[in-house]
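Asks: Have a look at this prediction, sequence included:
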Amino acid sequence: MAIAPIIFPSLPPPKIKPTIIPTPNFSDPTPNCISLLKSCSTIKEFSPIHAHLITTNLIHNPLIASQILNFFISIENIDFARLIFDQIRVPETLIWNSLMENYLEDSDLKKVFLIYYQMIAQAVLLDITTFHFLIHACSKDFDIRQVREVHGRILKSGFGVSRSLKNNLMGIYSKAGRFKDVTQLFDKSPDRDVISWNTMISCYVRWGLARKSLDLFEKMMADGVKPDEITMVSLISACTKLRDLKMAEKLQLYIEENGLKISGSLLNCLVDMYIKCGEMKEAYKLLSRCESGTSDVILWTTLISGCVKIGELTTANHLFNQMKNKNLITWTTMISGYVQCGFYDKSLELFTNMRLENVRPDQIALVTALSACAHMENSFLGRSIHGVAVKNGMMLDGFLGNSLIDMYTKCEQIDRAHLVFKQLPIKNVVSWNTMLDGYCRKGDIEKASILFERIPEKDVVSWNTMMNCYTKFHLFGESFELFQKMQNSNVKPNSLTLISLLSSCACVGALNHGIWVHVYIKRNRIEVDEMLATALVDMYGKCGSIEKAYESFSETKEKNVFLWTAMIAAYAMEGQAHKAIDLYEEMKERGINPDQVTFVSLLSACSHGGLVDEGHKYFNKMSSIYNISPNIQHYGCMVDLLGRAGQLENAVDFIEHMPIEPDSSMWSALLRACVTHHNVQLAEHAFKHLVEIEPLNTSAYVLLSNIYAKAKRWDDVSSVRSKLKEMGVPKQPGCSMIEQNGSVLEFKSWDFSDPLSAEIYSMLSEIERRLAKEGVQEETASKHHSEKLAVAYGLISSPSRTPIHVVNNLRMCKDCHSYMKIISQVYDREIVIRDNYRFHRFQDRICSCNDQW
């Protein structure tokens with residue numbers, strides 16, 4: 001017996017035509033009906049459509065039924081919907097599932113779960129399809145609470161034994177990082193299929209348990225489950241992470257013997273594995289399995305990336321040129337390869353070619369090109385790339401914005417960098433640090449300090465950047481003050497922080513502060529790696545504590561060339577040439593090859609020690625044995641070595657036959673040697689070349705005047721001094737620093753700014769009287785040189801018989817040198833002075849330099 005359709009009493013009679021609903025066109029009934037149903041917002045609008053659906057029998061279509069359900073949910077009247085569904089042949093669950101599927105296809109996850117909760121509220125039966133739709137929705141949303149709710153409902157509904165649902169749940173738990181939940185589901189599954197095993201194996205690989213994934217594969221085989229290509233992708237990935245080439249080769253053999261297809265992801269995975277295991281030849285063999293078409297662009301790009309990583313740019317470029325089709329990733333990989341290997345011009349040329357090929361760059365490509373522009377200081381192309389980003393509507397935030405700031409700062413366009421910085425919608429700590437580094441590079445310490453204080457959340461890079469800036473510009477006090485603030489913050493110093501502090505101590509000769517930093521390192525159990533050890537050796541060496549320098553050197557087990565070089569340089573500054581040479585020979589025996597800086601330190605040691613033959617020997621070994629081409633510093637050391645030894649003619653001959661143009665320091669070294677050895681003719685020759693390079697070098701005129709005075713050529717002395725006055729160029733002021741009572745004080749010639757000036761000048765007068773008793777007449781010109789003021793301060797502010805350490809920015813004059821020797825004996829003090837060339841240790845009227853400096 002047929003059931004009569006229900007006519008709702010609240011609906012108007014079917015004969016009455018609605019005034020606002022257009023006459024339906026049912027030529028293609030289902031889509032049109034769905035469209036009309038979607039347009040309904042009231043019962044009145046729904047009534048004629050409902051009547052038509054009954055008469056045309058479309059009411060039994062599941063899609064139509066689901067849209068009717070959707071309408072009644074929207075007007076919050078599901079009871080009417082259920083009255084309708086009671087009279088049609090479509091199961092109610094199917095109708096709800098259809099509606100849920102529609103929302104899922106539209107990615108409207110909120111409505112998917114709304115339907116789910118409505119089904120529960122209306123006691124609609126949930127079936128396995130319902131749960132598959134819900135798990136799919138959860139995989140898009142990754143709300144773990146929602147996943148657990150659905151999982152619980154599955155168990156409550158009796159579907160916990162469903163293998164497909166368990167596999168899907170394992171998949172979503174794996175993606176959500178719920179390793180324990182995946183394992184529990186896997187362990188409780190008695191009927192695991194290949195999907196179950198694949199999910200568990202891939203989960204192990206993703207969570208860094210690569211070895212366990214390989215163990216699980218053996219259990220899978222023992223369980224009689226045959227692996228597929230997806231299994232092999234995970235296992236090969238595990239071998240790649242472990243760099244287990246032997247296991248990977250066994251897996252490849254299994255793949256080939258069991259007829260699994262090596263293509264797509266599996267082929268790419270194998271190629272990647274061979275590349276990362278250093279087997280490029282095997283990777284090339286796999287390449288022969290396919291043509292360089294569009295479908296294999298990932299494979300070819302992987303190969304290019306592998307070549308780039310091992311520095312085989314020629315091979316990478318060859319593969320790149322062979323490719324018939326290249327995507328953006330391919331271009332970016334090759335451009336990045338050139339940048340990584342320092343071929344910035346090539347990278348920018350390739351970037352330009354990419355643009356000519358109408359390949360639209362993304363942010364990564366632009367960031368890579370901007371890095372090349374920054375290294376080449378090519379602001380013109382950098383601005384062009386900036387324009388491309390703006391033209392393509394890219395947000396100047398994140399990596400792109402920070403890269404633009406970095407490029408502009410390195411191209412010395414700080415105003416443009418600041419403009420980009422101001423325009424950033426979100427400034428992260430990298431943005432602040434990049435802008436800070438720009439001001440520090442420019443030397444604008446005031447703006448750098450202001451910006452540093454504005455950084456909302458400083459990281460260790462922020463602190464280190466500001467500290468390095470203070471160190472670079474010799475602001476010792478500010479460096480340590482900043483470090484104290486850092487200790488009060490929540491940011492922990494790293495080795496780079498301490499290296500910066502030690503460098504600051506080395507610069508001003510602050511030995512006690514350097515010792516304090518060393519103690520801090522020990523107390524906080526900070527690992528002393530080769531970099532930090534090098535900084536410690538350098539600090540102790542430049543602060544005149546050669547014993548502590550060697551102690552730090554000896555305590556470091558792993559020594560690289562930089563650490564050996566720092567120790568050799570420390571001996572060189574002390575004038576201990578033979579110890580420097582012995583250490584160099586020991587370094588060679590340990591299998592450490594010297595670099596250019598090592599030879600600068602070694603030749604400097606030979607110069608201080610007057611070891612001419614040894615200097616020639618090591619200079620020749622640079623190119624003949626180590627294939628190191630001498631640079632201007634090495635040639636300068638040789639000129640200084642010959643000049644100090646009195647071989648002035650040889651020094652001139654050496655300069656004239658050099659393959660590179662001599663610089664001012666070389667002619668200055670020769671001029672000083674001429675003054676020492678009273679060779680007026682060669683002094684004039686050196687002076688002529690020196691002022692051609694540096695016309696305003698006042699030291700050159702002073703040195704020439706001195707040698708004329710020694711030769712009693714008073715007219716020439718007058719002429720040179722007149723010329724010096726005409727130039728109107730002030731001499732570089734002498735500056736000396738001394739560490740005393742926890743602070744570093746700076747003195748300049750004729751300086752009266754210190755609060756203890758009266759006591760200091762009183763001490764100088766006392767010293768002058770005592771020297772007069774010794775029959776020593778002090779030269780008027782050097783009476784108030786900065787090193788004398790610093791030593792006088794040391795005498796009045798430190799206990800008797802304690803050493804006095806002073807750092808001077810200029811080479812010590814002969815009068816001050818004689819003065820210090822006598823004071824060391826008269827006051828029974830060791831006076832250690834580091835000038836801009838070497839250390840002088842004065843004790844009992846003897847200097848460690850043996851009057852050769």
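Replies: Sure, I can see it. Predicted, not measured: the structure shown is a model, and the values here were computed from it.
Asks: and the nearest residue to residue 489 once chain neighbours are set aside, how far is that from residue 431?
Replies: Among residues not flanking residue 489 along the chain, residue 458 sits closest, at 6.9 Å (CB to CB, 6 or more residues apart in numbering). Using the backbone N, CA and C atoms, a C-beta is placed for each residue, glycine as well. Separation of residue 458 from residue 431 (CB to CB, to the nearest Å) stands at 13 Å.
Asks: Do a quick rundown of the strands in this structure.
Replies: 735-740, 743-748, 804-808, 831-834, 839-843, 846-847 (DSSP state E).
Asks: Mean pLDDT lowest where, among these?
Replies: Per-stretch mean pLDDT for the strands of the chain is lowest at strand 743-748 (a mean of 85).
Asks: got the contact list for that strand?
Replies: Residues outside strand 743-748 that contact it (CB atoms under 8 Å, 6 or more residues apart in numbering): 476-477, 508, 510, 513, 733-739, 754, 786, 789-790, 793.
Asks: Show me just the buried residues among these.
Replies: 476, 508, 510, 513, 734-739, 786, 789-790, 793 (16 or more other CB atoms under 10 Å).
Asks: Determine which two of those residues are furthest apart.
Replies: Maximum pairwise distance among these (CB to CB): 23.0 Å, between 513 and 734.
Asks: circling back to that earlier point, the residue nearest to residue 489 and residue 486: what is the separation?
Replies: Distance from residue 458 to residue 486, by CB to CB: 9 Å.
Asks: what's the answer for residue 92, then?
Replies: Look at residue 92 and residue 486: by CB to CB, they are 68 Å apart.
Asks: what angle do the lengthiest helix in the chain and strand 743-748 make?
Replies: The longest helix of the chain (DSSP state H) is helix 757-773. Computed by axes from the mean of the first three to the mean of the last three CA atoms, to 10 degrees, the angle separating helix 757-773 from strand 743-748 equals 70 degrees.
Asks: Would you mind listing the buried residues in helix 757-773?
Replies: 760, 763, 764, 767, 771.
Asks: do stretch 220-238 as well
Replies: 220, 225, 227-238.
Asks: Can you find the helix or strand in the protein with the smallest mean pLDDT?
Replies: Here the helix or strand of the chain ranked lowest by mean pLDDT, DSSP states H and E is helix 78-85, holding a mean of 57.
Asks: that older thread, pLDDT averaged over the longest helix of the chain - what is it?
Replies: On average, helix 757-773 scores 84.
Asks: who does that helix touch, helix- and strand-wise?
Replies: helix 786-797, helix 814-826 (3 or more CB pairs under 8 Å, 6 or more residues apart in numbering; DSSP states H and E).
Asks: Between helix 814-826 and the first one, find me the angle.
Replies: With the same axes, to 10 degrees as the basis, helix 786-797 and helix 814-826 are set at 20 degrees to each other.
Asks: Not counting its own residues, what contacts helix 786-797?
Replies: 733-738, 740-741, 745, 747-749, 751, 754, 756, 759-761, 763-764, 767, 782, 804, 806, 808, 812, 816, 819-820, 823, 827, 829, 831, 833.
Asks: Mind doing that once more with 7 Å?
Replies: Residues from elsewhere that reach helix 786-797, judged by CB atoms under 7 Å, 6 or more residues apart in numbering: 734-738, 740-741, 745, 747-749, 751, 756, 759-760, 763-764, 767, 804, 806, 808, 812, 816, 819-820, 823, 827, 831, 833.
Asks: can you check stretch 708-723 too?
Replies: Residues contacting stretch 708-723 (CB under 7 Å, 6+ apart): 678, 680, 701, 704, 705.
Asks: tell me the mean pLDDT over it?
Replies: The model assigns stretch 708-723 a mean pLDDT of 89.
Asks: again, but for stretch 93-103
Replies: 79.
Asks: For it, buried residues please.
Replies: Those would be 95, 96, 97, 98, 99, 100, 101, 102, 103, for stretch 93-103 by 16+ other CB under 10 Å.
Asks: Pull the contacting residues for the third one.
Replies: So that's residue 97. So residue 97 contacts 129, 130, 133 (CB under 7 Å, 6+ apart).
Asks: give me the number of residues near residue 378?
Replies: 21 (other CB atoms under 10 Å).
Asks: I meant residue 604, not that one.
Replies: 26.
Asks: now swap in residue 61 and tell me
Replies: Counted with other CB under 10 Å, residue 61 comes out at 20.
Asks: for residue 113, same thing?
Replies: 20.
Asks: swap in residue 356?
Replies: With other CB under 10 Å as criterion, residue 356 counts 8.
Asks: Same question for residue 774.
Replies: Residues near residue 774, counting by other CB under 10 Å: 11.
Asks: Nothing else from me, thank you.
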